[in-house]
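Chemist: Okay, structure incoming, though there's no sequence with it:
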């Protein structure tokens, strides 16, 4: 159990970061693990919640901090978010799985997270068995396999692997990308054509950057190296965009749809976390989790 404390102090730190004050910055993926652990302890946030917020956009920090009551069990919050990612009837990855055995084994992982968050001892052997059972279920196709990877990412003790919840987002994005590929009928031939198209676009970008660099040298413009580097990057990107615009292709839909899927996963992940904060005081929610967990345990036996 990790209880949230110091709400006002956390909001002040967030405000300083929003003003881009380096001395009060929030953790990022370049922050040493020891510093992330210290930050978590300082504000009474479970490290798994901190790492989850590190994966979401910066605005999520304020949204969560403002809604999260002091004294909240943040380990329980993460466990409920994990369950929501898998089990939500609208966006949950469970609905992308037709195999009932695979569903039950994903449910069992959520149950282990709930028990661990409640303070029960869950052994390493139990976590290992849950991962093994999921792997043995044998997903029917690439969509089911990708959905299973999402809940498999959570099959770890959050006390020793606090990054597991954040890893679910990576797997969730990959599952969404797999659905995009199915929608487009993506195959090896299209992949090769897309790579060839990108090589041509990159060559156009390089040609533009080289030409602009030559012009700058001949005219004596951009003596500053940093400014020159920015100018070259802009020229390179401009050359790529001009090539793509002059040579439209259906192949570009993949990139557009993947970007949309990426944004949608992050939006859902953030909104799901905020929703779980709202439900923390709901006793019926706790009862539902317990019943589902018991059912999952019976299904695995």
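Modeler: Here it is on my side, so go on. For clarity, every value in this text was computed on a predicted model and none was experimentally measured.
Chemist: Please enumerate the strands of the stretch 1-150 of the chain.
Modeler: Using DSSP state E, counting those that start in this stretch, the stretch 1-150 of the chain contains no strands.
Chemist: That one: helices as residue ranges?
Modeler: With DSSP state H, counting those that start in this stretch as the criterion, the stretch 1-150 of the chain has helices at 7-18, 33-43, 47-55, 59-67, 74-87, 100-117, 124-136, 142-152.
Chemist: The ones you listed: which one's closest to residue 275?
Modeler: In terms of C-beta to C-beta, the element of these nearest to residue 275 is helix 74-87, at 7.2 Å. Bear in mind the C-beta positions are built from the backbone N, C-alpha and C, glycine included.
Chemist: Return the per-residue confidence for residue 99.
Modeler: Residue 99 is assigned 89 on the pLDDT scale.
Chemist: Give me the distance between it and residue 64.
Modeler: In this view, residue 99 and residue 64 are 34 Å apart by C-beta to C-beta, to the nearest Å.
Chemist: Select, out of the helices of the stretch 1-150 of the chain, the one closest to residue 273.
Modeler: helix 74-87 (5.3 Å).
Chemist: more crowded one of residue 99 and residue 64?
Modeler: Shown here are residue 99 and residue 64; by other C-beta atoms under 10 Å, residue 64 has more neighbours (23 against 14).
Chemist: In contact with that one, which residues are there?
Modeler: Contact partners of residue 64, counting by C-beta atoms under 8 Å, 6 or more residues apart in numbering, are 53, 273, 274, 277.
Chemist: Distance check, it against residue 110.
Modeler: Taken as C-beta to C-beta, the span from residue 64 to residue 110 is 21 Å.
Chemist: How about residue 278?
Modeler: 19 Å.
Chemist: for residue 119, same thing?
Modeler: 17 Å.
Chemist: and these two? which has more neighbours close in?
Modeler: residue 110 (26 against 10).
Chemist: since we're on the closest residue in space to that one that isn't next to it in sequence, how many residues are nearby?
Modeler: Leaving aside its sequence neighbours, residue 110 sits nearest to residue 83 (C-beta to C-beta, 6 or more residues apart in numbering; 4.3 Å). Burial of residue 83 is recorded as 28 neighbouring residues (other C-beta under 10 Å).
Chemist: Kindly state the pLDDT recorded for the residue most central in space within the chain?
Modeler: Residue closest to the average C-alpha location in the chain (C-alpha atoms, centre = their mean): residue 169, at 2.6 Å. pLDDT for residue 169: 97.
Chemist: Next SSE downstream of the helix ranked longest in the chain?
Modeler: Ranked by residue count, the top helix of the chain under DSSP state H comes out as helix 188-219. On the C-terminal side of helix 188-219, the closest following helix or strand by DSSP states H and E is helix 225-246.
Chemist: Buried ones in that following helix, by neighbour count?
Modeler: 228, 231, 232, 235, 236, 239, 240, 243, 244 (16 or more other C-beta atoms under 10 Å).
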